[in-house]
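Engineer: Kindly return the folded structure for what I paste below:
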Amino acid sequence: MAKLCVNIDHVATVRQARRITEPDPVAAAVIAELAGADGITCHLREDRRHIQDSDVWRLREVVKTRLNLEMAAVDEMLEIAEKVRPYMVMFVPERRQEITTEGGLDVAGNLDRIRDATKRMQEAGMLVSHFIDPETRQIEAVKKCGADFLELHTGAYANACGEEARLVELKKLIDGASYAQKLGMRVNAGHGLNLRNVLPVAAIDGIRELHIGHSIVAHAVLVGFERAVREMVEAIARADMLARKYSPEEILRYFSA
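Structural biologist: Numbers count the residues shown, from 1 in each chain. This is a model prediction of the structure:
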């Protein structure tokens, strides 16, 4: 069954709206773990729009499961990671003007730089993941870099309008996960997943972790953080049960909202 890693970035987004101390993303991480999360994810952006350096250090001390640090593969972030030493770093694309991460990292187009950054992090004792679109070219590039994981960008699936369009994007994720595993790679997935669309992705064979943040934080505004995390954990468990009888495509057709 896929494990849930809760991204607490947007708890920090609410805090930064006032530049005060609450809500505390580190407290949210503790609640998420108590509610059944298997890991905590945060993204230290170059512009520090939500998570701050002090948050990362506190998370490193507090998180009892595992801490996944998303970041751009730039010297500033590599140096921070070498000091903090989270369980895993995930290289993601980053543009200052974007609202959120748009698309996967172009590993194939930046092979030497990403490979060097990957090796540097691994030599410092961290696992490394690359956040990519489910494309053969990018999957092969991640393999060439020697990353420990790849994370399939599920945004196109999450944003697709209509069942047939979602099925097309789901098939890309299924094929991407299958191909990566044939190459001997471990596969995670995330971006834009929520209680309405998570079941088919969680049912894809071989998906190890789902990294989900915004929808949990948004749901928590209405029902509380602990309940929001528990409901996502329960949805992923339901997907595992459904996958014993139905394909991801069938789950999308019959069980997704």
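Engineer: Mind naming the longest helix for the chain?
Structural biologist: helix 163-182 (DSSP state H).
Engineer: could you give the mean pLDDT of it?
Structural biologist: Mean pLDDT, computed over helix 163-182, is 98.
Engineer: Now do the buried residues in it.
Structural biologist: 166, 167, 169, 170, 172, 173, 174, 176, 177, 179, 180 (16 or more other Cβ atoms under 10 Å). To be clear about C-beta, it is placed using only N, CA and C from the backbone, and glycine gets the same treatment.
Engineer: cool, stretch 236-246 as well?
Structural biologist: For stretch 236-246, by 16+ other Cβ under 10 Å, it's 236, 238, 239, 242, 243, 246.
Engineer: May I ask which helix or strand encompasses the residue nearest to the fourth one when sequence neighbours are not counted?
Structural biologist: Using Cβ to Cβ, 6 or more residues apart in numbering and skipping residues adjacent in sequence, the residue nearest residue 242 is residue 251, 5.3 Å away. Secondary structure here is read from DSSP states H and E; on that basis residue 251 sits in helix 248-255.
Engineer: Could you do residue 189 as well?
Structural biologist: Judged by DSSP H and E, residue 189 forms part of strand 186-190.
Engineer: Could you list every helix and strand in contact with that strand?
Structural biologist: strand 3-7, strand 149-153, helix 163-182, strand 207-212 (3 or more Cβ pairs under 8 Å, 6 or more residues apart in numbering; DSSP states H and E).
Engineer: Dump those into JSON lines; add distance to residue 48 as well.
Structural biologist: Output for the helices and strands packed on strand 186-190, formatted as JSON lines (distance: least, Cβ to Cβ, whole Å):
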{"stretch": "strand 3-7", "distance to residue 48": "16"}
{"stretch": "strand 149-153", "distance to residue 48": "23"}
{"stretch": "helix 163-182", "distance to residue 48": "31"}
{"stretch": "strand 207-212", "distance to residue 48": "20"}
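Engineer: Spit out the contact partners of the closest residue to residue 239 other than its chain neighbours.
Structural biologist: Closest residue in space to residue 239, ignoring its immediate chain neighbours: residue 202 at 3.5 Å, by Cβ to Cβ, 6+ apart. Residues in contact with residue 202 (Cβ atoms under 8 Å, 6 or more residues apart in numbering) are 1, 2, 210, 235, 236, 239, 240, 243.
Engineer: For this structure, just list every one of the helices.
Structural biologist: Counting by DSSP H, the helices of the chain are 9-16, 25-34, 53-62, 75-84, 111-123, 136-145, 155-159, 163-182, 198-202, 214-223, 225-242, 248-255.
Engineer: So which of the ones you listed is nearest residue 43?
Structural biologist: Proximity to residue 43, assessed across the helices of the chain by Cβ to Cβ, is greatest for helix 9-16 (5.3 Å).
Engineer: buried sites along that closest one?
Structural biologist: Going by 16+ other Cβ under 10 Å, helix 9-16 has these buried residues: 9, 10, 11, 12, 13, 14, 15, 16.
Engineer: So what touches it?
Structural biologist: Contacts of helix 9-16 (Cβ under 8 Å, 6+ apart): 21-25, 28, 41-43, 49-52, 55, 213-214, 217-218, 225.
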